[in-house]
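[1] Would you be able to build a 3D model of this:
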Amino acid sequence: MRTRFLLLILVASAAAQTQKTQPVTVEGCVAPGVEGGCLMVTGKDGKVWDISTANPRPKIGGRAIHLTGQFSGAPSYCMQGTKLDHIQWHYTDAACPGTPAPK
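    This is a model prediction of the structure:
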């Protein structure tokens, strides 16, 4: 019984590790986080992503962005969203709510 329990823990740990190394692709509008200097993107599925490590940093509002990143696993002072690292992004043609349409 104990061997099965340990095996279950190992399998769950391996699955979690694989998830952390999988790339994440998100499209949405950049918004300020609750903490100063934090940037968040909410995906179409409602998940919130901490993209504060993006360099260069996208502008808040205006046009939506399309990004690819990896789960960080590191702590974040932003206190919201799932932190992403190794972020690559570009603007899309979609306008964010409350902003004029892109030209």
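[2] Now do the helices in this protein.
    For the chain, the helices defined by DSSP state H cover 2-21.
[3] Which helix or strand in it has the lowest average pLDDT?
    helix 2-21 (a mean of 46; mean pLDDT, DSSP states H and E).
[4] now the longest strand anywhere in the chain, how far from the chain's geometric center?
    If you go by DSSP state E, the chain has its longest strand at strand 82-95. Distance of strand 82-95 from the chain centroid (C-alpha atoms, centre = their mean, to the nearest Å) equals 8 Å.
[5] Could you list the residues in contact with that strand?
    Strand 82-95 is contacted by residues 24, 27, 47-55, 58, 62-74, 76, 101-102 when judged by C-beta atoms under 8 Å, 6 or more residues apart in numbering. C-beta coordinates here come from the backbone N, C-alpha and C atoms, glycine included.
[6] Point to the residue nearest the middle of this structure.
    Central residue of the chain (C-alpha atoms, centre = their mean): W49, 3.0 Å from the mean position.
[7] Any stretches of this structure with poor pLDDT?
    Along the chain, segments meeting pLDDT under 70 span 1-20, 99-103.
[8] do that again at 90, thanks
    Low-confidence segments of the chain, defined by pLDDT under 90: 1-22, 61, 73-75, 97-103.
[9] Now the buried members of the contacts of strand 82-95.
    Buried members of the contacts of strand 82-95, scored by 16 or more other C-beta atoms under 10 Å, are 24, 48-54, 58, 63-65, 67, 69, 71-72, 76.
[10] taking those residues one by one, which sit in strands?
    If you go by DSSP E, those have 24, 48-50, 63-65, 67, 69, 71 in strands.
[11] Kind regards, and thank you for your time.
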